[in-house]
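1. Okay, predicted coordinates and the sequence, questions at the end:
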Amino acid sequence: QPVSTMRSLAVAALLAGAARGNVWRTLPYDREPCVFDPRGRVLQLEYAETAASRGETALGAIAKDVVLLCAESTHPDKLAVVDGRHAATYAGLRADGAGLVDVARVRAARERISSPDLAPSPRSLAHAVADTAHECARGGGKRAYGARLLLAGFAEDRPEIWSVGPGGDARRHRGLVAVGRGAARLDPDAWDRRLDPPDAVAAALAALYAARDDDD
């Protein structure tokens, strides 16, 4: 009797929530990373994307023979060296961003040990970080990284910038790319890749300042 009564109460609560049109609020759809809610959303991944989008702004830019990274932060370690040819920054949770940087560092070290004559490429490092991020987003006792990484480096003396998101998406960018809460304020199409290094630095810092919140 008590068991059947509890089941009846649970069904009644579920039906009441459905009648109000908010049944998704009565069920724990955000407890597992691979569970879709009735609207087709993966809530844990949305939480990670939100954390990344609300982080302090970071941007990367390619100019004439150079690649630049700039970041808005009170922590100097937000601009991190990966190895002699690569650097990284991020927007989102500090610990998660630092964890993604460490993944890139480990991959770079492994590639240098296994192939001493070949320098790691930005593509291989970005894909290694993306694989790790995707694995965590799938669950298995892990959660998605609440940060979006920017990786800059050189592939055969050609500058490249890659971004890696919480879901494991890796994208190569040809000019300007920004992540974090000020990213929507910047227009990547307005960036001039023909700028000389001194002018590119000034333009990147101006873009970062323009992306700041009004109350910062």
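-> Now that the structure is in, tell me what you want to look at.
2. Show me what the longest strand along the chain is packed up against.
-> Longest among the strand segments of the chain by residue count, using DSSP state E, is strand 147-155. For strand 147-155, the packing partners by 3 or more C-beta pairs under 8 Å, 6 or more residues apart in numbering; DSSP states H and E come out as helix 43-53, strand 58-63, strand 66-71, strand 86-92, helix 94-114, helix 122-137, strand 158-164, strand 176-179. For every residue, glycine as well, the C-beta is placed using N, CA and C.
3. Distance to Arg143 added to these, as TSV?
-> Putting these into TSV (distance: least, C-beta to C-beta, whole Å) gives the following:
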stretch	distance to Arg143
helix 43-53	6
strand 58-63	22
strand 66-71	24
strand 86-92	13
helix 94-114	9
helix 122-137	6
strand 158-164	16
strand 176-179	19
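4. For the residue positioned nearest the centre of the chain, name its beta-bridge partners.
-> Geometric centre of the chain, nearest residue: Arg148, 1.3 Å, by C-alpha atoms, centre = their mean. Beta-bridge partners of Arg148, counted by DSSP bridges, are Ala91.
5. Next: Ala80.
-> For Ala80, the beta-bridge partners under DSSP bridges are Ala88.
6. you'd agree it is up against Val101?
-> Yes: using C-beta atoms under 8 Å, Ala80 is in contact with Val101, at 4.7 Å.
7. Find the residues that touch each one of those two.
-> Residues touching both Ala80 and Val101 (C-beta atoms under 8 Å, 6 or more residues apart in numbering): Ala88.
8. higher neighbour count, these two?
-> Using other C-beta atoms under 10 Å, the more surrounded residue of Ala80 and Val101 is Val101, with 24 against 21.
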